[in-house]
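**Student:** sequence isn't available, so here's the structure alone:
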């Protein structure tokens with residue numbers, strides 16, 4: 001392995017990750033694995049770019065050195081980030097799929113068993129079909145999840161980055177809370193939040209911060225700031241990430257400008273209690289469905305007009321746009337029967353959207369430890385903030 005200009009993990013950790021992937025490849029009878037998911041390529045090589053609108057690939061043979069295929073115009077990023085020695089460039093006028101097929105042939109894998117990521121957003125159907133045509137003697141299999149299985153349990157270094165990211169997310173929320181006032185716009189809140197994030201050390205996030213006010217706007221899931229101005233007797237809702245070396249932590253908090261109505265206070269109490277109950281069950285050996293059920297029952301049995309119909313948490317860690325989560329690897333929902341293990345990280349969300357009130361509640365990024373569940377985003381109270 002080479003030493004890049006920016007190296008966020010020791011060579012030994014990259015080697016351990018690669019060894020784990022190869023063990024799982026061998027179990028599936030694969031001779032090679034072609035990766036196109038930015039997070040998975042980053043995990044195994046350290047290479048990163050926001051330019052994955054252009055084809056990026058990583059060939060991992062069962063034996064021999066991996067080969068990185070970056071965008072040709074971003075060769076400088078290989079020296080900046082990649083620990084992989086071998087990389088190949090295909091110019092703007094060349095076909096990267098044809099090039100990948102040629103590389104596999106060079107490696108003696110033209111007749112091999114090749115894994116490709118069927119779940120990847122970045123290998124479209126056309127390119128997959130063309131790859132099959134270029135490798136008529138090879139057998140293509142679904143290699144989805146082979147890297148993600150290793151990403152599920154975070155190393156000490158990864159957890160350290162997530163702790164730093166959690167501190168950044170908290171700083172962003174605090175700055176947003178401090179900026180709340182009647183007559184202030186959502187855009188003003190966003191400026192305060194994003195400025196605090198950047199000044200605290202954040203990189204660009206997989207999704208933007210979600211900042212909404214008032215009943216109608218805050219009821220819109222995954223909506224974010226506009227020119228809307230805060231009025232008296234309105235909710236203010238924040239969902240804010242922090243990002244360090246591509247590792248994300250996030251939290252939500254809510255505020256109310258004025259005298260909170262009873263329904264809002266009841267809902268806030270239920271939300272906080274459901275979050276507490278979920279955290280109590282997030283510990284090694286407990287199944288995800290048990291944690292989900294504890295939170296769901298508290299919410300559904302409460303005297304509030306809201307029913308918990310979806311997951312209460314998703315895995316979180318390394319991410320590139322268009323998302324900041326690892327929910328495709330592990331989510332806490334009614335059907336997930338896998339148990340928690342030390343080193344897993346989740347964004348636990350028991351936020352509610354109440355008709356007549358708007359979005360309320362709180363969420364936290366947590367770490368599963370040998371002793372239970374540690375909240376990483378505990379630097380700001382999860383109580384309703386009243387202005």
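**Tutor:** Cool, the structure landed. Being a predicted model, the structure only gives us computed values, none of them experimental.
**Student:** can you list the domains in this structure?
**Tutor:** As recorded under automatic domain parsing, the domains making up the chain are 11-151, 156-386.
**Student:** what about residue 239, helix or strand, and which?
**Tutor:** strand 234-244 (DSSP states H and E).
**Student:** just how off-centre is that strand within its chain?
**Tutor:** 15 Å (CA atoms, centre = their mean, to the nearest Å).
**Student:** ok, stretch 68-77 next?
**Tutor:** 24 Å.
**Student:** show me what counts as buried in it.
**Tutor:** 68, 69, 70, 71, 72, 74, 77 (16 or more other CB atoms under 10 Å). The C-beta positions use only the backbone N, C-alpha and C, and glycine is treated the same way.
**Student:** and stretch 222-237, by the same measure?
**Tutor:** Quick answer for stretch 222-237 (16+ other CB under 10 Å): 223, 225, 230, 234, 235, 236, 237.
**Student:** output the below-cut-off pLDDT ranges for the stretch 151-300 of the chain.
**Tutor:** For the stretch 151-300 of the chain, applying pLDDT under 70 flags no range at all.
**Student:** could you pull out the helices for it?
**Tutor:** 156-178, 186-199, 214-218, 262-281, 288-300 (DSSP state H, counting those that start in this stretch).
**Student:** so which of these comes closest to residue 249?
**Tutor:** Proximity to residue 249 (CB to CB) singles out helix 156-178 among the helices of the stretch 151-300 of the chain, at 3.8 Å.
**Student:** I'd like the domains of the chain as CSV, with distance to residue 3 appended.
**Tutor:** Below are the domains of the chain laid out as CSV (distance: least, CB to CB, whole Å):
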stretch, distance to residue 3
domain 11-151, 7
domain 156-386, 16
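**Student:** tell me how far the residue most central in space within the chain lies from residue 372.
**Tutor:** Taking CA atoms, centre = their mean as the criterion, residue 325 is the residue nearest the geometric centre of the chain, at 2.2 Å. Applying CB to CB, to the nearest Å, the value for residue 325 to residue 372 is 22 Å.
**Student:** related to what we said a few turns ago, partners of the strand holding residue 239, with directions?
**Tutor:** strand 210-213 (antiparallel), strand 247-257 (antiparallel) (DSSP bridges).
**Student:** ok now the longest one, how far from the chain's centre?
**Tutor:** Centroid displacement of strand 247-257 relative to its chain, using CA atoms, centre = their mean, is 16 Å.
**Student:** return the set of buried residues in it.
**Tutor:** For strand 247-257, by 16+ other CB under 10 Å, it's 247, 248, 249, 250, 251, 252, 253, 254, 255, 256, 257.
**Student:** now swap in stretch 295-305 and tell me
**Tutor:** 295, 296, 298, 299, 302, 304.
**Student:** wait, the first one touches residue 276, no?
**Tutor:** No: the pair residue 295 and residue 276 does not pass the contact test of CB atoms under 8 Å, sitting 9.1 Å apart.
**Student:** residues in contact with the residue of the chain positioned farthest from its centre?
**Tutor:** Each residue of the chain has a distance to the centre, and by CA atoms, centre = their mean the biggest one is for residue 137: 37.0 Å. For residue 137, the contact set (CB atoms under 8 Å, 6 or more residues apart in numbering) comprises 110, 111.
**Student:** next, give phi and psi for it.
**Tutor:** Backbone geometry at residue 137, expressed as degrees, to the nearest 10, gives phi -90, psi -10.
**Student:** quick one: it from residue 62, how far?
**Tutor:** 18 Å.
**Student:** which residues are in contact with the spatially closest residue to residue 321 that is not a sequence neighbour?
**Tutor:** Residue nearest to residue 321 in three dimensions, not counting chain neighbours: residue 206, with 5.1 Å by CB to CB, 6 or more residues apart in numbering. Going by CB under 8 Å, 6+ apart, residue 206 touches 241, 243, 248, 319, 320, 321, 322, 323, 324, 325.
**Student:** which members of those are classed as buried?
**Tutor:** 241, 243, 248, 319, 320, 323, 324, 325.
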